[in-house]
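Enquirer: Predicted model, plus sequence, below.
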Amino acid sequence: MKIAIFQFSGTGNTWYVAKKLRDAFLTYDISCELYSLETSIDVNHIIDQADVIGLGYPIYGSNVPEPIRAFFHQLEQVESKRAFVFCTQMMYSGDGAAIGAKALRKKGFTVRQLMHVNMPNNITDFRIVRWVKPTNAMRLTKRVTRKTKRLSEAVVQNRRKRKGEGIGSLLLGLLQRIPVKLFASKASNLIRVDATCTACGLCVRLCPSHHLTLHDKQLRMGNNCYLCYRCINHCPVQALHVAKRTRVKRPYLGPVHDFTIEAVRRNLTK
Ligand SMILES: Cc1cc2nc3c(=O)[nH]c(=O)nc-3n(C[C@H](O)[C@H](O)[C@H](O)COP(=O)(O)O)c2cc1C
């Protein structure tokens, strides 16, 4: 069996889960490649060569991030191809994985395994949700290893593993999705930069959507922010945040101590 996992990760959580999943498949001697949706890849060609595909993403207001929507848009119709979906979330997404599964089914995929993984919160500037505690890396690793092992078992045995597909999950997902969508559509340029910015350019290099640019040592915003929180968390002087009055309390620098954000940006197949 040949598996191709596509993933997008803003701050490293989804990337970490995808890597653990690949490790789990390798224990079955199954070939598994990871593909970052930040890099330019021929998704349809990769899908063509794979027996099963996986899709992973972080949940944003019970919705999928922009690169995942772009991924669905690119997909060609397939016949009898298996797929599984996983999403990472800080607490609850309702039907987070089911959204991805639904989009894949529309393209002809058979999706029988869905998983939600609770990971540390990466929203570090909003008062009501910025209670990001330093991660207990060992506990987190144990949890992710356990969950990915279960998902890989279900995929190998082609056993059904449902998550977020019940009517309750669907309704709770909708309840979160609608207000967040309204908020996001009103604020076309959510990210702010304050006077402490040193124009070091790190955020420009890290931004997956090329939303940020530097002109004459001034940081400029475009209009295609994914709101992934990567720049906010990795700014060395915490000059970036959402909205005027929000402030980063303790930046979230990734799921494990030896994590580097550069790893997420590299093409994971290499
Ligand atoms: C804009 C935004 C919206 C989010 N919305 C939710 C949400 O609705 N429910 C939830 O449990 N987590 C939510 N989160 C938390 C992330 O889904 C979670 O931290 C995720 O693991 C981040 O993954 P990443 O590191 O791969 O980007 C949100 C994060 C961001 C940045």
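Expert: Structure's in. What do you need?

Enquirer: now V256: how far from the ligand?
Expert: As judged by Cβ to the nearest ligand atom, to the nearest Å, V256 and the ligand stand 12 Å apart. Where you see a C-beta, it was placed from the backbone N, CA and C, and this is true even at glycine.

Enquirer: again, but for L151
Expert: From L151 to the ligand the distance is 16 Å (Cβ to the nearest ligand atom).

Enquirer: Quickly find the element holding that residue.
Expert: L151 is part of helix 137-156 when elements are defined by DSSP states H and E.

Enquirer: which parts of that helix are buried?
Expert: L140, V144, K147, T148, L151, S152, A154, V155, V156 (16 or more other Cβ atoms under 10 Å).

Enquirer: What of stretch 175-183?
Expert: Neighbour counts over stretch 175-183 (16+ other Cβ under 10 Å) mark Q176, R177 as buried.

Enquirer: What of stretch 151-170?
Expert: Of the residues in stretch 151-170, L151, S152, A154, V155, V156, K161, K163, G164, S169, L170 count as buried by neighbour count, 16+ other Cβ under 10 Å.

Enquirer: Excluding residues flanking it in the chain, which one is nearest F259?
Expert: Excluding the flanking residues, the one nearest F259 by Cβ to Cβ, 6 or more residues apart in numbering is G12, at 5.4 Å.

Enquirer: and the one you found, how many neighbours?
Expert: Look at G12: counted by other Cβ atoms under 10 Å, it has 26 neighbours.

Enquirer: confidence score at it?
Expert: Predicted confidence (pLDDT) for G12: 96.

Enquirer: Could you double-check that I99 sits in contact with G173?
Expert: Yes. At 7.3 Å, I99 counts as touching G173 under the criterion of Cβ atoms under 8 Å.

Enquirer: do you know how far L171 is from the ligand?
Expert: 14 Å.

Enquirer: Hmm, the residue nearest to F259 is touching H257, no?
Expert: No. G12 is beyond contact range of H257, at 11.7 Å (criterion: Cβ under 8 Å).

Enquirer: out of the buried residues of helix 137-156, who's nearest A239?
Expert: Nearest to A239, judged by Cβ to Cβ, of the buried residues of helix 137-156 is L140 at 28.4 Å.

Enquirer: which residue sits closest to that closest one, ignoring its sequence neighbours?
Expert: P255 (6.0 Å).

Enquirer: what does Q49 give?
Expert: Spatial nearest neighbour of Q49, excluding adjacent residues (Cβ to Cβ, 6+ apart): K2 at 6.8 Å.

Enquirer: Contact partners for the one you found?
Expert: I30, S31, C32, Q49, A50, D51, V52 (Cβ atoms under 8 Å, 6 or more residues apart in numbering).

Enquirer: Which residue, neighbours along the chain excluded, lies closest to the second one?
Expert: Leaving aside its chain neighbours, S31 sits nearest to K2 (5.0 Å; criterion: Cβ to Cβ, 6+ apart).

Enquirer: Measure how far the helix or strand where V204 lies is from the centre of its chain, please.
Expert: Assigned by DSSP H and E, V204 falls within helix 202-206. Offset of helix 202-206 from its chain centre (Cα atoms, centre = their mean, to the nearest Å): 18 Å.
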